[in-house]
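Colleague: Structure, please.
(2 chains)
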Amino acid sequence: MAALATSWLLAGASVARAQVTAEPTSAVVFPDPNKFAHGLYTEGEIGAVAFFGKAGEFVSPGFAIGAHVGYDIFRWLALQAHFLGSTHQIADGNVLSGQLLQTYQGTIEGKLTLRFGQTSIFGEGGVGLARLSTNALYALAVEPRYRVGFTAGGGAGADYHSLSRHFSLGIRGDYLLMTNLSGSQELMATTYLRYTF
Amino acid sequence: MPEVMTRLGRFALALTALAPLGLGCQDLNTPIYFPSPAMPALAVDGMPVMNNPPRAENGLTLRFRDPTKTERQTLDMQTQSLGFDVPWIQRDHVHIEMTYEVTNTGSTPGMWNIGIDGANEYTKYDENIVAMVLGQGNNDAPQYIPLIPVTPQLLGPGQTVTGTVREDDFDEAELDLDAMGRWMAPFNAVLINNSQVNPIGLSMVPPNVVIPALIEIDVNFTADAAMSCTYAIRVRDDDDQLLHDTIDTLFSPTPALFVPAAM
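Modeller: Residues are numbered from 1 along each chain as shown, chains lettered A, B, ... in the order given. Got it, this is the predicted structure:
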């Protein structure tokens, strides 16, 4: 009797079907770096420039302001033009101490970027020209009689992208050789705001 | 397409905003420095010479170009309209400043003093000539009256001091020299007095005079201990009148030496 009752109950049950759901193929990325703007960009920067070597003995570190204009060929490779002006005081211990000196620099650079989500690091390098506003270093017998010379060098930095697809900000440092300033180099350290169109 | 235009517009705006930075900085500070003829330029050993502190002196002449034909015509027209000669090298267009460094190279403290003389395209002033004229007929110590005096200072052994003779000091000296040379001003009155405080002696100077700038700077260094002095001349040349390595010819005036009437 019991077996008959059990058979009746099972015969009335409908076919069971399990619900199958697929595993997600990847985690949700937010913000998605692929949605960040890339292509033509500009950067405005402020910071400092310090001279080393022979010129460093006579020129104090100074305030700098500059800009980059560049184009992302790929997300990891860009070409950019860099313009930077800085103002310095002639250091103590010589007849021109306290006099002002400005430098104007322009370089063409390549830039490689490695991105980790909103953050990226980059390396850059290039060549260009530097112009001194006065012949003060010539008067101090630091340099030959010139005001315009070649520069070459590179540096690195870190960038943090905002949730806006256009804006990011970062820091960078570059070390350049000044070929016409005998035995002199310069270090520029700046912080920047970048806008990608 | 409109989005592309908007982007280009923003890009152009960004570049336009940056451009004045570069252009503005370029015009802020473009002087040219002339180092003193030797390093150090002037050195004295502190040993008195005929009971007077030892002196050392030298100077440099700024090299300017001749005016072009058009500039010469402009100067001639200005001369005709004003009724007196208009100089080629003018105080309003050539601004001079001197920086100096004095070091006590001896083992005893001492007083040092700098006196600056010079010449414009009409007149040359030399305090040594003036002292010689003033000293005729007496045995007093020479009385030096420079075009620009620098306040004497005491300097200890091994110490170094730097200083600046500013553009307004040279402006005053250039007025004084022109007043003495062209406008019959009593030299001691204009040199001792600051014209902005007491314009005594300047009554003959026309109010619309065009004042010549110095084209020669002479530095007299005096110290009663062993000291050295190095200096540099800074020139801001508004109209690009300094002679560069071009086809321009050298401006070569022959200023007359100022000699005061014997007192």
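Colleague: did I read that right, B:Val130 in a helix?
Modeller: Yes. Per DSSP: H, G, I helix; E, B strand; the rest coil, B:Val130 lies within a helix segment.
Colleague: just checking, B:Asn58 touches B:Pro40?
Modeller: No. In this structure, B:Asn58 is not within contact of B:Pro40 by CB atoms under 8 Å, at 10.6 Å. Bear in mind the C-beta positions are built from the backbone N, C-alpha and C, glycine included.
Colleague: Could you check which of these two has the larger neighbour count?
Modeller: B:Pro40 (18 against 15; other CB atoms under 10 Å in any protein chain shown).
Colleague: so what pLDDT did residue 98 get?
Modeller: Unless you meant another one, I'm taking chain A. pLDDT, A:Gly98: 92.
Colleague: switch to chain B, that's the one I care about
Modeller: pLDDT at B:Met98 comes out at 97.
Colleague: Which residue ranges of the stretch 51-200 of chain B form helices?
Modeller: B:69-82, B:127-134, B:167-182, B:187-192 (DSSP state H, counting those that start in this stretch).
Colleague: Tell me which of those helices approaches chain A most closely.
Modeller: With CB to the nearest CB, the closest approach to chain A among those belongs to helix B:167-182: 12.9 Å.
Colleague: Can you report how many residues neighbour the residue of chain A found nearest chain B?
Modeller: Closest contact between chain A and chain B, by CB to the nearest CB, is at A:Ala139 (3.7 Å). By the criterion of other CB under 10 Å, A:Ala139 has 23 neighbours.
Colleague: The helices of the stretch 51-200 of chain B: which one's closest to B:Ala232?
Modeller: helix B:167-182 (13.9 Å; CB to CB).
Colleague: Might you quantify the distance of that closest one from its chain's geometric centre?
Modeller: Relative to the chain's own centre, helix B:167-182 is displaced by 9 Å; criterion: CA atoms, centre = their mean, to the nearest Å.
Colleague: list the buried ones in that helix?
Modeller: B:169-182 (16 or more other CB atoms under 10 Å in any protein chain shown).
Colleague: Stretch B:241-259 now?
Modeller: For stretch B:241-259, by 16+ other CB under 10 Å, it's B:241-242, B:248, B:251, B:253, B:255, B:258.
Colleague: That stretch: end-to-end distance?
Modeller: 29 Å (CA to CA, to the nearest Å).
Colleague: What are the contacting residues of it?
Modeller: B:32, B:62-67, B:88-89, B:93-94, B:119-126, B:129-130, B:133, B:177, B:180-181, B:187, B:215-216, B:235 (CB atoms under 8 Å, 6 or more residues apart in numbering or on different chains).
Colleague: Please go through the residues you listed and note which also touch chain A.
Modeller: Applying CB under 8 Å from any CB of the partner chain to these, one finds that B:Ile32 fall near chain A.
Colleague: Can you say which of the contacts of stretch B:241-259 are buried?
Modeller: B:32, B:62, B:64-65, B:67, B:88-89, B:93-94, B:119-126, B:130, B:177, B:180-181, B:187, B:215-216, B:235.
Colleague: Within range of chain B, give me the residues from chain A.
Modeller: A:40, A:42, A:44, A:65, A:67, A:69, A:83, A:85, A:87, A:92-102, A:104, A:133-136, A:138-141, A:195, A:197.
Colleague: From the residues you listed, keep the buried residues only.
Modeller: A:40, A:42, A:44, A:65, A:67, A:69, A:83, A:85, A:87, A:94-97, A:99-102, A:104, A:133-136, A:138-140, A:195, A:197.
Colleague: where along the stretch 1-150 of chain B do the strands fall?
Modeller: B:32-35, B:42-44, B:55-61, B:94-104, B:110-119, B:123-125, B:148-155 (DSSP state E, counting those that start in this stretch).
Colleague: mean confidence for the first one?
Modeller: Average pLDDT, strand B:32-35: 93.
Colleague: Please list the residues outside it that contact it.
Modeller: With CB under 8 Å, 6+ apart, strand B:32-35 has contacts from A:95-96, A:99, A:134-136, A:138-141, B:60, B:62, B:232-237, B:242.
Colleague: which ones are touching B:Gly158?
Modeller: B:103-104.
Colleague: Now do it against chain A, distance only.
Modeller: Separation of B:Gly158 from chain A (CB to the nearest CB, to the nearest Å): 14 Å.
Colleague: quick one: pLDDT of that residue?
Modeller: In this model, B:Gly158 carries a pLDDT of 95.
Colleague: just B:Ala119 next, same as before
Modeller: Reported pLDDT for B:Ala119: 97.
Colleague: Kindly report the same for A:Glu143.
Modeller: For A:Glu143, pLDDT reads 78.
Colleague: what's the spacing between stretch A:39-53 and its chain's center?
Modeller: 9 Å.
Colleague: Kindly report the same for stretch B:78-92.
Modeller: 19 Å.
Colleague: got the contact list for stretch B:194-202?
Modeller: B:172, B:175-176, B:179, B:183, B:185-186, B:189-190, B:193.
Colleague: Export that stretch to CSV, keeping only CA atoms.
Modeller: Coordinates of each C-alpha in stretch B:194-202 appear next as CSV, following Å, rounded to 0.1, in the frame of the first residue of the first chain:
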residue,chain,number,x,y,z
ASN,B,194,70.6,115.3,-6.0
SER,B,195,68.6,117.0,-8.7
GLN,B,196,65.3,115.5,-7.4
VAL,B,197,65.9,117.0,-4.0
ASN,B,198,67.7,120.2,-4.8
PRO,B,199,68.0,121.2,-8.5
ILE,B,200,70.6,123.8,-7.8
GLY,B,201,72.8,124.6,-10.8
LEU,B,202,70.4,123.2,-13.3
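Colleague: which residues does the nearest residue to A:Gly128 once chain neighbours are set aside contact?
Modeller: Among residues not flanking A:Gly128 along the chain, A:Thr107 sits closest, at 2.9 Å (CB to CB, 6 or more residues apart in numbering or on different chains). Shown in contact with A:Thr107 (CB under 8 Å, 6+ apart): A:81-82, A:126-129, A:151, A:176.
Colleague: For whichever residue of the stretch 101-250 of chain B sits closest to chain A, give me its contacts.
Modeller: Nearest to chain A in the stretch 101-250 of chain B, going by CB to the nearest CB, is B:Glu101, at a distance of 4.3 Å. Contacts for B:Glu101 were tallied using CB under 8 Å, 6+ apart; they are A:94-95, A:97, B:160-162, B:229-231.
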